[in-house]
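I need the structure of the sequence given here:
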Amino acid sequence: EVESLRKQHADLDQFASSGDASLVQGYRELSRTCDLLAEQLDGKAAEVKESQEALRLLRKTGEERLRLGQACAQVGVWDYHPRTGIIATTPEPDQLYGLTEGPRLTYEDWTWLIHPEDLPKITEVRNRAIIDHQTFDLEFRILHPSRGERWISSKGGALYDTSGEVTRIFGVNADITERKLSEEALRNSEERYRGLYEAGAGGVVMQDQDGKIVEANATACEMLGLSPDEIRGRSSTDPRWHSIREDGSSFPGEEHPSIVTLRTGRPIRGIVMGVFHPAEEGYRWLMVNSEPIFEPGTDRGRWVVTTSTDITQRKLIESALRESEERYRSLVELSPDAVVVHQDGQFVYANPAALRLYGAEAPEQFIGHPVLELIHADDRDLVAGRMETVHVQGISPRREMRLLRLDGQAVPVESTAFSMQFQG
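Sure, this is the predicted structure:
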């Protein structure tokens with residue numbers, strides 16, 4: 001346009017040279033206007049050229065940044081033309097699939113790269129999305145030539161012409177193998193935890209920060225005599241547990257290990273309590289531990305896990321043993337024969353008959369005396385030998401010997417000895 005104005009200006013200049021003065025004056029004013037307009041147009045043209053150059057550089061920089069981001073993130077762009085069957089890609093998809101540079105990839109070539117177990121499903125999902133004019137989001141396995149089985153994420157959509165026919169299908173691919181491996185490791189870990197949780201020898205109960213039970217394994221349900229639905233939602237403070245201490249007194253719910261842990265944030269160990277079992281109409285004795293699970297970055301318990309070991313059988317054995325010991329002690333205490341126990345060469349127990357035999361009025365006069373000091377001097381070697389025999393063989397047969405009363409009087413006796421567990 002500037003060149004056209006200048007040509008017209010030259011034509012006018014030639015025409016004006018043959019005209020009158022008024023025409024020349026008008027021409028000169030028009031000429032100055034044209035020159036000014038030409039200068040402005042030259043400036044605008046330079047600005048446009050400069051803007052175009054800046055836009056070109058900006059587009060180039062953006063493309064370079066996009067390409068760099070794709071390379072770093074291992075994300076590539078693909079573009080499939082159904083009419084030609086050709087898939088055009090940036091370099092990244094070729095790297096993801098392990099392809100070498102060569103002719104453009106066809107759709108048929110691509111299908112051979114997909115794991116045969118995944119191809120039917122992803123084809124169905126993608127085709128359904130295209131028919132419904134929706135985008136698709138696929139995850140599938142490929143058979144990489146050198147890296148084996150890999151996981152790919154593919155997201156994309158389609159373009160349609162005015163008749164609704166698909167003209168292009170395009171999208172992005174990314175390698176998600178590391179994420180899938182992490183997810184699988186997490187699933188395996190959860191399955192192992194679940195197996196330990198369900199098959200563990202002890203009962204496991206999880207409670208929320210309000211103390212309500214949210215989960216309990218099968219062992220815990222059996223211990224408590226309730227179904228999972230009956231347990232879920234209960235709190236340790238629920239009076240229906242009818243919990244008791246070892247001495248038979250009531251065990252307040254507020255002192256249950258789980259509630260104490262939620263309140264203090266501290267683990268509790270080795271608490272023994274009896275819990276009423278409705279089906280057995282009796283008490284199950286449990287050894288209870290509680291452990292807090294903290295909220296990330298805080299010292300406040302979000303959950304509490306309580307583990308219980310059923311010690312009912314042990315408690316029954318302990319009770320029977322106590323009863324047996326009480327009966328044994330009664331028999332020993334009432335026996336007309338003298339019974340003494342010595343340990344490390346000193347007397348540690350004597351029944352009433354033995355105290356009378358030795359002439360002691362109270363146990364304190366007798367307990368702690370060295371055994372051999374209350375044996376006649378002529379029989380001490382015999383008794384020392386018998387003590388060694390008992391230590392090795394566990395028993396010594398009946399023998400006659402002379403013992404000494406506290407007043408020094410010798411008393412002939414017949415005795416037998418054997419080893420036993422005494423006070424642990």
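
which residues in the stretch 51-200 of the chain form strands?
Using DSSP state E, counting those that start in this stretch, the strands found in the stretch 51-200 of the chain span residues 75-81, 86-89, 105-106, 136-144, 148-160, 166-175.

could you do the stretch 251-400 of the chain as well?
Under DSSP E, counting those that start in this stretch, the stretch 251-400 of the chain gives strands at 268-277, 282-294, 301-310, 340-343, 346-350, 395-404.

quick check: which element contains the closest residue to Gln343 other than its chain neighbours?
Once flanking residues are discounted, Gln343 sits nearest to Phe422: 6.7 Å by Cβ to Cβ, 6 or more residues apart in numbering. In short, each C-beta sits where N, CA and C put it, glycine included. Under the criterion DSSP states H and E, no helix or strand holds Phe422.

list the contacts for the residue nearest to Ser235 when sequence neighbours are not counted?
Leaving aside its chain neighbours, Ser235 sits nearest to Gly211 (4.3 Å; criterion: Cβ to Cβ, 6+ apart). Listed by Cβ atoms under 8 Å, 6 or more residues apart in numbering, the contact set of Gly211 reads 235-237, 258-259, 262, 304.

7 Å instead?
Applying Cβ atoms under 7 Å, 6 or more residues apart in numbering, we find Gly211 in contact with 235-237, 258-259, 262.

and if you look at His369?
Contacts of His369 (Cβ under 7 Å, 6+ apart): 346-347.

relative to Ala360, how far out is it?
Separation of His369 from Ala360 (Cβ to Cβ, to the nearest Å): 9 Å.

please apply the same query to Ser182.
78 Å.

quick one, which of these two is more surrounded?
Ranked by neighbour count (other Cβ atoms under 10 Å), Ser182 and Ala360 place Ala360 first, with 19 against 11.

excluding chain neighbours, what is closest to that one?
Spatial nearest neighbour of Ala360, chain neighbours left out: Phe366 (4.1 Å); criterion: Cβ to Cβ, 6+ apart.

check contacts around the one you found.
So Phe366 contacts 347, 350, 355, 358, 360 (Cβ under 7 Å, 6+ apart).

and the second one, how many residues sit next to it?
Okay, so that is Ala350. Residues near Ala350, counting by other Cβ under 10 Å, number 22.

which residues does it bridge with?
Listed by DSSP bridges, the beta-bridge partners for Ala350 are Val340.

so it versus Glu333, what's the distance?
Taken as Cβ to Cβ, the span from Ala350 to Glu333 is 11 Å.

same thing with the fourth one?
Distance, Tyr358 to Glu333, by Cβ to Cβ: 16 Å.

neighbour count winner among those two?
Neighbours were counted for Tyr358 and for Glu333 using other Cβ under 10 Å; Tyr358 has more, 22 against 11.

surely that one touches Leu404?
No. If you go by Cβ atoms under 7 Å, Tyr358 and Leu404 don't touch, sitting 8.2 Å apart.

helices of this protein, start to end?
Along the chain, counting by DSSP state H, helices occupy 2-16, 21-73, 91-97, 107-111, 119-131, 177-199, 218-224, 228-231, 257-264, 312-334, 352-358, 363-366, 380-393.

so which bits of the fourth one are buried?
By neighbour count, with 16 or more other Cβ atoms under 10 Å as the criterion, the buried positions of helix 107-111 are Trp110.

chain center to it, what's the gap?
On the basis of Cα atoms, centre = their mean, to the nearest Å, helix 107-111 sits 41 Å off its chain's mean C-alpha point.

in PDB, list the C-alpha atoms belonging to that helix.
C-alpha atoms of helix 107-111 as PDB (Å, rounded to 0.1, in the frame of the first residue of the first chain):
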ATOM      1  CA  TYR A 107      -3.100 -48.400  14.100                       C
ATOM      2  CA  GLU A 108      -2.400 -52.100  13.300                       C
ATOM      3  CA  ASP A 109       1.200 -51.700  14.400                       C
ATOM      4  CA  TRP A 110       0.000 -50.100  17.700                       C
ATOM      5  CA  THR A 111      -2.300 -52.900  18.600                       C
END
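
who's in contact with it?
Contacts made with helix 107-111 from outside it, assessed by Cβ under 7 Å, 6+ apart, are listed as 80, 85, 87, 119.

near the last one, how many other residues are there?
The local packing of Leu119 (other Cβ under 10 Å) involves 16 other residues.

which residues are in contact with it?
Under the criterion of Cβ under 7 Å, 6+ apart, the neighbours of Leu119 are Thr111.

also the first one?
Contacts for Tyr80 were tallied using Cβ under 7 Å, 6+ apart; they are 87, 107, 168-170.

try the second one
With Cβ under 7 Å, 6+ apart as the criterion, the residues that contact Gly85 are 106-107.

can we see that at 10 Å?
Neighbour list for Gly85: 104-109 [criterion: Cβ atoms under 10 Å, 6 or more residues apart in numbering].

determine which two of those residues are furthest apart.
Distances among those were taken as Cβ to Cβ; the most separated pair is Arg104 and Glu108, at 12.1 Å.

any low-confidence regions in the stretch 101-250 of the chain?
Residue ranges of the stretch 101-250 of the chain with pLDDT under 70: 101-104, 189-201.

count of residues packed around the residue nearest to Gln343?
10.

ok, now how distant is the residue nearest to Ala360 from Gly359?
From Phe366 to Gly359 the distance is 9 Å (Cβ to Cβ).

who touches both of these two?
Residues touching both Phe366 and Gly359 (Cβ under 10 Å, 6+ apart): Leu406.

residues near Gly282, how many?
Look at Gly282: counted by other Cβ under 10 Å, it has 11 neighbours.

next up, the contacts around it.
So Gly282 contacts 225, 274, 276, 312 (Cβ under 10 Å, 6+ apart).

pull the contacting residues for the third one.
When contacts are counted by Cβ under 10 Å, 6+ apart, Phe276 is found next to 224-225, 240-244, 282-284.

what of Ile317?
Residues in contact with Ile317 (Cβ under 10 Å, 6+ apart) are Ile311.

please report how far it lies from Ile311.
As judged by Cβ to Cβ, Ile317 and Ile311 stand 10 Å apart.
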